[in-house]
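Undergrad: Mind folding the following:
(2 chains)
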Amino acid sequence: MKLIATAIMTMMLCGSAWAQGSAAAGSAGTAATGGTSASSIGAGATTSGPGGNASALGMGASAAGGHAMSRSAVHGNNNLNGQAMAQAHEGGTFSKSHTVCHDGSGSVDCRTKSMAHEPGSAPVKSTSSGSATVPR
Amino acid sequence: MTHRIALAGLVLTLASGPALAQASVDVTAGNLHGSAQAGALQRQAPSQRLAKGPRTDDCNSRGVTVRSGNGSSSASASVSTSPGGSSVVAGGGSPGSRTEYFGCNRPDHPQNDNRSQR
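TA: Predicted structure coming up:
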């Protein structure tokens, strides 16, 4: 089967930063092939101090091309768990990206996995992660 | 209808301010952007303490901003997609946090889609 589009582009990104009493980290990824694309992202922050812990977490996802679908959610109170997922497919060609973040208890950890695939070609997979921990 | 997301930009910026015990992160992938800030930010103006995404009523764009109750942590995510695409954001925080949605996820937006909101 002849591929109409052969360009497959996957970009992954992760990052983390920390300082005493606080931590912030995030990760993101995107994958695209054959007119489909999917991206997901997560970023979180947490602080620990005499007054207790405070955390915030934001997640996002987008997809385009063919049948596109995205979902995102954050659950929890002091320990936050977030997920963002995007997927687009057209026939056997698809792109998808999934980010999971855990935020709380003095650390932030985000991981993203992305994959693009066209029939007749090997899937292109990428993973990235970003994590930060409040210094003890 | 265009079914392609621009995948040109990929930027990672990390910054921390040891003097104020701060930590921050900005992540961008294509047309998605996220940021988070944590630490002793009280010396900054309120507008600088809050991780914000772009405010827009464009239904191809949406975002969320979360700020902890004591203002020490904030995070945001904003996404956009081409017409016909799918995008979603979600946010949450520790007890006392404030979560604000904007763009298509703004609660009073006429084309609001609340399926993914808490």
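Undergrad: Quick one: residues contacting the residue nearest to the spatial centre of chain A.
TA: The centroid of chain A falls nearest to A:Thr99 when counting by Cα atoms, centre = their mean (2.7 Å). For A:Thr99, the residues meeting the contact criterion (Cβ atoms under 8 Å, 6 or more residues apart in numbering or on different chains) are A:27-29, A:40-42, A:59, A:61, A:82-85, A:110-112. Placement of C-beta: from N, CA and C, glycine included.
Undergrad: Could you do B:Ser73 as well?
TA: Listed by Cβ under 8 Å, 6+ apart, the contact set of B:Ser73 reads A:22, A:45-47, A:54-56, B:36-38, B:67, B:93-94.
Undergrad: what about B:Pro95, helix or strand, and which?
TA: Using DSSP states H and E, B:Pro95 is not contained in any helix or strand.
Undergrad: mind checking pLDDT for it?
TA: Model confidence at B:Pro95, given as pLDDT, is 93.
Undergrad: Tell me the spacing between it and chain A.
TA: Computed as Cβ to the nearest Cβ, to the nearest Å, the B:Pro95 to chain A distance reads 6 Å.
Undergrad: Look up phi and psi at the nearest residue to that residue once chain neighbours are set aside.
TA: For B:Pro95, ignoring the flanking residues on the chain, the nearest one in space by Cβ to Cβ, 6 or more residues apart in numbering or on different chains is A:Asn77 at 5.5 Å. Comment: the main-chain dihedrals of A:Asn77 come out as phi -120, psi -90, following degrees, to the nearest 10.
Undergrad: how many other residues sit next to A:Asn77?
TA: When counting by other Cβ atoms under 10 Å in any protein chain shown, one arrives at 13 neighbours for A:Asn77.
Undergrad: right, and it touches B:Gly96 too?
TA: No. With the criterion set as Cβ atoms under 8 Å, A:Asn77 and B:Gly96 do not qualify as a contacting pair; they are 9.9 Å apart.
Undergrad: Residue ranges in the chain under the pLDDT threshold?
TA: No chain specified, so I'll use chain A. A:1-20 (pLDDT under 70).
Undergrad: ah, I was thinking of chain B
TA: Counting by pLDDT under 70, chain B shows low-confidence ranges at B:1-21, B:40-59, B:105-118.
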